[in-house]
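Engineer: coordinates for the following, if possible.
(one chain, ligands or ions: 1)
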Amino acid sequence: MKNIDLEEKIIIAMDVEEKERALNLVRMLRHAKIIKIGYRLFIKYGVSILKNIQKLDKKVFLDLKLHDIPNTVAEGIRQATNHKVFMLTIHALGGKEMIKRAVEVANEEADKLSIPKPKILAVTILTSLKEKDLIEIGIQNNVKDEVLNLAKLAIESGVDGIVCSPLEIELLRKNIGKEPLIVTPGIRPLWSQKNDQKRVMTPKEAIEKGADYLVIGRPIIQASNPKQAFLKIIDEIREN
Ligand code: C5P
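Structural biologist: Residues are numbered from 1 along each chain as shown. Just a heads-up that it's a prediction; the model follows:
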């Protein structure tokens, strides 16, 4: 049974360049619970940025989309588990063995340390890839079929959930059931700019369609009042 409170459903994509800016935003966003760290901050600051965020009482979503041979990914996951990451991403395209090892090692390491196991999320086909790109890399399926194929493979191999575009939420829910987590970026409240996101959905709609977590960056972190933007989104989701 999933019991995620509303404030935890909004994951802040901390896509900024400087640590001080990131930490100031985290302090401002008092109600937020989960902060997503990607290549930008992680490659620049390493594990210290994770620690800094955790010290401010937030959970870390480490979005590095791991994809390598099973053993290499597993050892990366071991380290992330050690650093008490709450959520992390791997590529389903790494295949069954890679996914299974990732899940196994996360369980093993978390048990050893008696800490919660990080939630492992699989990325399927990146939304930047179109049909012609799939053909170029030798995938004959269309994007939708391949997203579904990879999502099923990842779930069968033990991941906790899938990262997908809001436009894929319904298709996935119908096919993978209620239990797996669905995490979606590409979210825009009606009052915010779309930026470079092309196919967007409002927070309320995405949750109604079955998303468990929404990844939201610029509408919050670039708002003149980030805390207010965050709370406005929560209120909108709550409204009937
Ligand atoms: O600022 P914005 O709300 O667009 O940020 C969305 C976050 O989700 C960014 O960190 C971006 O890298 C990520 N993302 C995305 N679209 C995808 C996959 C990931 O926007 N298809």
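Engineer: make it CA atoms for all contacts and neighbour counts henceforth
Structural biologist: OK.
Engineer: kindly list the longest helix within this structure.
Structural biologist: In the chain, ranked by residue count with DSSP state H as the criterion, the top helix is helix 96-113.
Engineer: list of residues touching that helix?
Structural biologist: The contact list for helix 96-113 (Cα atoms under 8 Å, 6 or more residues apart in numbering) reads 68-71, 73-75, 77-78, 81-82, 90, 92, 116-118, 120, 153-154, 157-159.
Engineer: please apply the same query to stretch 165-176.
Structural biologist: With Cα under 8 Å, 6+ apart as the contact definition, stretch 165-176 has outside contacts at 127, 144, 148, 151-152, 155, 182, 184-187, 199-201, 206, 209-211.
Engineer: separate out the buried members of the residues you listed.
Structural biologist: Of all these considered here, the ones buried according to neighbour count by 16 or more other Cα atoms under 10 Å are 148, 151-152, 155, 182, 184-187, 200-201, 206, 210-211.
Engineer: now intersect the residues you listed with the helices, please.
Structural biologist: Using DSSP H, the subset of those located in helices is L148, A151, K152, I155, A206.
Engineer: if we ignore the residues flanking it in sequence, what's nearest the fourth one?
Structural biologist: Excluding its sequence neighbours, the residue lying closest to I155 (Cα to Cα, 6 or more residues apart in numbering) is G161, at 7.0 Å.
Engineer: tell me where this structure has strands.
Structural biologist: Counting by DSSP state E, one finds strands in the chain at the ranges 10-13, 34-37, 59-66, 87-91, 119-123, 161-163, 181-184, 213-216.
Engineer: quick one, which of those gets closest to the ligand.
Structural biologist: strand 213-216 (3.9 Å; Cα to the nearest ligand atom).
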